[in-house]
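J.: What shape does this take:
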Amino acid sequence: MIEKQQALDFSTVIASTVHDMKNSLAMLMQAHAQWLARLPEQQNAPEQGVIDYQFAHLNGMLVQLLGLYKLGINQLPLQPAYHELDDFIEAQLVSHQDVFKSRGISAAYEVDPLSPLGFFDRELIASVLANCINNSIRHARHALLISVSDEEGQVVLSINDDGEGYPQGMIERQADYVQGINQSSGSTGLGLYFAGRIAELHQRNGVCGHTRISNGGPLGGGLFKLYLP
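T.: Next comes the predicted model:
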């Protein structure tokens, strides 16, 4: 019992620290943006692309860690509602536009006119989408595409890039989610685990949401799909 209490206390401390780190990062990002706005007009330097990406990457990881903690203690509320997918996806792309510009990535989206609405928790799915976009930015060469379609009554959000794609071993073991640290890429699989858990929270008529990764798609690179009933 004592060991369990100590473990719980430690996880709470970590969660509190992550929360404070996220607030500090938000203030740093705001100050950096204000500082840039005061500088003379100039071409984007390669270093700015690194800074923009790492800001977004760090923020995404902290959001993910807080989400995993809340999932672990069953305190992650689900508040689904109907959302217009055009507006939802466009908002996610706009929040990454500086990174796209500095990295020279063309980002686009397509929404099936037969599936204009989705029923989901906007904040949770936005956090999943943001993590996936950050991952695609890291691997994309020049293009990224987000598309929405309908498969057997489920809304499917797909994120495709023109990079080298997911490693075959990762695709084969995608159900394992947490696969340990890949020494060559630094990936832990926690992003897929987080996305899968968030997807599973969305249920309707006995059907649970899920995720799937593969390679190919219109851009030929990594293809992440999020299925929402």
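J.: make it CA atoms for all contacts and neighbour counts henceforth
T.: OK.
J.: so where's the protein shaky on pLDDT?
T.: Applying pLDDT under 70 to the chain flags residues 1-11, 41-47, 49, 75, 176-189.
J.: what helix or strand is the most centrally placed residue in the chain on?
T.: By Cα atoms, centre = their mean, the chain has its centre lying nearest to N131, at 1.9 Å. Here N131 sits within helix 122-139, counting by DSSP states H and E.
J.: Packing partners of whatever helix or strand L71 lives in?
T.: Using DSSP H and E, L71 sits within helix 46-72. Applying 3 or more Cα pairs under 8 Å, 6 or more residues apart in numbering; DSSP states H and E, one finds that helix 46-72 contacts helix 2-38, helix 97-103, helix 122-139, helix 190-201.
J.: Let me have the ones you listed in CSV, adding distance to Q54 as columns.
T.: Listed next are the helices and strands packed on helix 46-72 as CSV, based on distance: least, Cα to Cα, whole Å:
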stretch, distance to Q54
helix 2-38, 11
helix 97-103, 9
helix 122-139, 9
helix 190-201, 16
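J.: out of those helices, which comes closest to G163?
T.: helix 122-139 (5.2 Å; Cα to Cα).
J.: Pull the contacting residues for Q30.
T.: Applying Cα atoms under 8 Å, 6 or more residues apart in numbering to Q30 gives no contacts.
J.: roughly how far apart are it and D52?
T.: 12 Å (Cα to Cα, to the nearest Å).
J.: Next, count neighbours for E84.
T.: Residues lying near E84 (other Cα atoms under 10 Å) number 13.
J.: So what does the closest residue to it other than its chain neighbours look like in phi/psi?
T.: Using Cα to Cα, 6 or more residues apart in numbering and skipping residues adjacent in sequence, the residue nearest E84 is L117, 4.7 Å away. With angles defined as degrees, to the nearest 10, L117 sits at phi -120, psi 150.
J.: same thing with R212?
T.: Residue torsions, per degrees, to the nearest 10, at R212 are phi -150, psi 140.
J.: Report the secondary structure element holding the closest residue to it other than its chain neighbours.
T.: Leaving aside its sequence neighbours, R212 sits nearest to K225 (Cα to Cα, 6+ apart; 5.2 Å). Using DSSP H and E, K225 falls within strand 222-228.
J.: Does anything pack onto that strand? Which helices or strands?
T.: With contacts defined as 3+ Cα pairs under 8 Å, 6+ apart, the secondary structure elements packing on strand 222-228 are strand 154-161, helix 190-201, strand 210-215.
J.: switch the cut-off to 6 Å
T.: Helices and strands touching strand 222-228, by 3 or more Cα pairs under 6 Å, 6 or more residues apart in numbering; DSSP states H and E, are strand 154-161, strand 210-215.
J.: Let me have those in TSV, adding mean neighbour count and distance to I171 as columns.
T.: As requested, these are exported to TSV (neighbours: other Cα atoms under 10 Å; distance: least, Cα to Cα, whole Å):
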stretch	mean neighbour count	distance to I171
strand 154-161	24	15
strand 210-215	20	6
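J.: closest to L25 out of the ones you listed?
T.: Nearest to L25 among these is strand 154-161; the distance by Cα to Cα comes to 26.3 Å.
J.: so how far is the closest one from its chain's centroid?
T.: 12 Å (Cα atoms, centre = their mean, to the nearest Å).
J.: just stretch 126-145 next, same as before
T.: Per Cα atoms, centre = their mean, the centroid offset for stretch 126-145 relative to its chain is 7 Å.
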